[in-house]
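Asker: No letters, just coordinates:
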Ligand SMILES: O=C(O)[C@H](O)C(=O)CO
Ligand SMILES: [Mg+2]
């Protein structure tokens, strides 16, 4: 497995709008067209399951977007759940969710699904939560691979989500190795990584071989690039110069009433790409 997205050999950024965070002033199915009008070519979101798959597929098709990613069913989001994969008493629900996710992914032509590990509840030891997570991923990864879908696991920062079972990408990589499946890859969310440890480009380079999807937002605030401390002009150039050819999921809370003008302002340049050579 490599970090390269084999369906597109050209090293140029491709941006997917996260429709759970962007365009939230309109109904979910209307967000696809809004994203396309603003220049996004892909879509991702937390969960399509509240809508019939055919309705989501029609909105995607009419907008001319590629469905890049969504999550396996992640529990009761409104109640604060952020995945159920590490919960020992939810294994049957997790496994049902894998089948449901495959159906939606096929309807949407989506080839990546993210597993949110969840928050280990009080009364469950870290060892038991991790064994549950490992067994669930060992169950899901080959099923998805047979369906033509790559399973990803994402680290989420523990300031926003206290107790999240996979806090850093190094933890995600240890988990990937323990699962031992060639069909499990990593999702690298730069916002979460900035909060947990920073060192964003060297961290990418350390794990590049297994990273199949990247998400972005600035910090602090989780707003669009250009609003905080992360130098996305440099980073995006450097990621692609280092061989990443996948999608960039734009998973941020927008503040600019004019829309995503940063998309045309942050354009990777050969000058910043050159700097990656010294970043290893
Ligand atoms: O929280 C995240 O970063 C995940 O990517 C997600 O899907 C929940 O928004
Ligand atoms: Mg994310």
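Answerer: All right, it came through fine. Please read these numbers as outputs of a predicted model, since none were measured by experiment. Ligands and ions are numbered 1, 2, ... in the order given.
Asker: got the residues of the stretch 101-250 of the chain near ligand 2?
Answerer: 189, 215 (C-beta under 5 Å from the ion). In short, each C-beta sits where N, CA and C put it, glycine included.
Asker: Now do the helices in the stretch 101-250 of the chain.
Answerer: 126-146, 169-179, 190-196, 200-207, 232-241 (DSSP state H, counting those that start in this stretch).
Asker: do you know which of those lies nearest residue 251?
Answerer: For residue 251, the closest of the helices of the stretch 101-250 of the chain is helix 190-196, at 7.2 Å, according to C-beta to C-beta.
Asker: Save the helices of the stretch 101-250 of the chain as CSV, and put in distance to ligand 1 too.
Answerer: Below are the helices of the stretch 101-250 of the chain laid out as CSV (distance: least, C-beta to the nearest ligand atom, whole Å):
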stretch, distance to ligand 1
helix 126-146, 16
helix 169-179, 12
helix 190-196, 6
helix 200-207, 15
helix 232-241, 16
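Asker: Need those in TSV (columns: mean neighbour count and mean pLDDT).
Answerer: Listed next are those as TSV, based on neighbours: other C-beta atoms under 10 Å; pLDDT from 0 to 100:
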stretch	mean neighbour count	mean pLDDT
helix 126-146	18	98
helix 169-179	19	98
helix 190-196	23	99
helix 200-207	18	98
helix 232-241	22	94
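Asker: Indicate which one of these is closest to residue 74.
Answerer: helix 126-146 (12.5 Å).
Asker: Now tell me what touches the closest one from outside.
Answerer: Residues from elsewhere that reach helix 126-146 (C-beta atoms under 8 Å, 6 or more residues apart in numbering): 72, 85-88, 91, 94-95, 98, 101-102, 113, 115, 117-118, 120, 150-151, 153, 165-166, 175, 178-181, 183-184.
Asker: Separate out the buried members of those.
Answerer: Burial by neighbour count, judged by 16 or more other C-beta atoms under 10 Å, picks out 72, 85-88, 94, 98, 101-102, 113, 115, 117-118, 120, 150-151, 153, 165-166, 175, 179, 181, 183-184 from these.
Asker: Keep only those of those residues that are in strands.
Answerer: Of the buried ones among the contacts of helix 126-146, the ones assigned to strands by DSSP state E are 113, 115, 150, 151, 153, 184.
Asker: Tell me who's in contact with the third one.
Answerer: To tie it back to what came earlier, the one meant is residue 150. Contact analysis of residue 150 by C-beta under 8 Å, 6+ apart lists 111, 112, 113, 144, 183, 185, 212.
Asker: Residue 265 too?
Answerer: Counting by C-beta under 8 Å, 6+ apart, the residues that residue 265 touches are residue 226.
Asker: State the helix or strand in which residue 253 lies.
Answerer: If you go by DSSP states H and E, residue 253 is not part of any helix or strand.
Asker: In contact with it, which residues?
Answerer: Residue 253 makes contact with 21, 217, 221, 222, 223, according to C-beta under 8 Å, 6+ apart.
Asker: okay, now residue 109: neighbour count?
Answerer: Other residues near residue 109 come to 12 when the count uses other C-beta atoms under 10 Å.
Asker: What's the local residue count around the closest residue to residue 195 other than its chain neighbours?
Answerer: Spatial nearest neighbour of residue 195, excluding adjacent residues (C-beta to C-beta, 6 or more residues apart in numbering): residue 157 at 4.0 Å. Neighbours of residue 157 under the rule other C-beta under 10 Å: 19.
Asker: Could you report the pLDDT at residue 157?
Answerer: pLDDT for residue 157: 98.
Asker: Phi first, then psi, for it.
Answerer: Phi and psi for residue 157, reported as degrees, to the nearest 10, are phi -70, psi 150.
Asker: For residue 242, give its distance to residue 37.
Answerer: 31 Å (C-beta to C-beta, to the nearest Å).
Asker: Identify the residue of this structure closest to ligand 2, quick one.
Answerer: Closest to ligand 2 within the chain is residue 189: 3.6 Å, counting by C-beta to the ion.
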